[in-house]
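Asker: build me a model from this:
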Amino acid sequence: LSHMFNKILVVCVGNICRSPLAEAKLRQLAPASVEVASAGIQAMVDHPADPQSQVEAVQDGLDLSSHRARQLTDAMCQSYDLILVMEQRHVDSVCQISPSARGKVMLLGRWNNQQEVADPYRKDASHFASAYQLISAFSEQWKSKMNW
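Answerer: Numbers count the residues shown, from 1 in each chain. Next up is the predicted model:
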């Protein structure tokens, strides 16, 4: 798979909790030649990553301090080779924004029986910890599928 996907976009809803974590984790795992970014279906544009996501990131040696949320656009979808989403319903949401992207939108948890990553937004720290455990594990699965 690796030769096909040089530009990976990770998408959630607000682009402040889950996708920034997945973006940072995939960037940590991927070779330098692979571009990884994130965006939101209904992004909280220009907001930093959720403080609790930043806590999870720091514990794994990742830094979200420069992250600012971006709104997903059709043009963005066109320019990436692979779009990873957190929940099955996000597939349809991405395809409403960019109908031609359908073939390249996949669940981050694709290799784990299509498991979803629930949104921890406005929930307590344990929800963020659970979300990040899944994001980290699913990112490692993509790494192995990509032969990084």
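
Asker: who are the contact partners of residue 127?
Answerer: Contacts for residue 127 (CB atoms under 8 Å, 6 or more residues apart in numbering) come out as 118, 120. For the C-beta atoms, the positions are set from N, CA and C on the backbone; glycine is no exception.

Asker: element containing it?
Answerer: helix 125-146 (DSSP states H and E).

Asker: average model confidence for that helix?
Answerer: The average pLDDT within helix 125-146 is 97.

Asker: kindly export it (C-alpha atoms) in CSV.
Answerer: Extracted C-alpha coordinates of helix 125-146, given in CSV (Å, rounded to 0.1, in the frame of the first residue of the first chain):
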residue,chain,number,x,y,z
ALA,A,125,-10.2,12.6,30.7
SER,A,126,-10.9,8.9,30.6
HIS,A,127,-12.8,9.3,27.3
PHE,A,128,-9.7,11.1,25.8
ALA,A,129,-7.4,8.4,27.1
SER,A,130,-9.6,5.7,25.5
ALA,A,131,-9.8,7.6,22.2
TYR,A,132,-6.1,8.0,22.1
GLN,A,133,-5.4,4.3,22.9
LEU,A,134,-7.5,3.4,19.9
ILE,A,135,-6.0,6.1,17.7
SER,A,136,-2.5,5.0,18.6
ALA,A,137,-3.3,1.3,18.0
PHE,A,138,-5.0,1.9,14.7
SER,A,139,-2.2,4.1,13.5
GLU,A,140,0.3,1.3,14.3
GLN,A,141,-1.9,-1.0,12.2
TRP,A,142,-1.8,1.4,9.3
LYS,A,143,2.0,1.6,9.7
SER,A,144,2.3,-2.1,9.4
LYS,A,145,-0.1,-2.3,6.4
MET,A,146,2.0,0.5,4.7
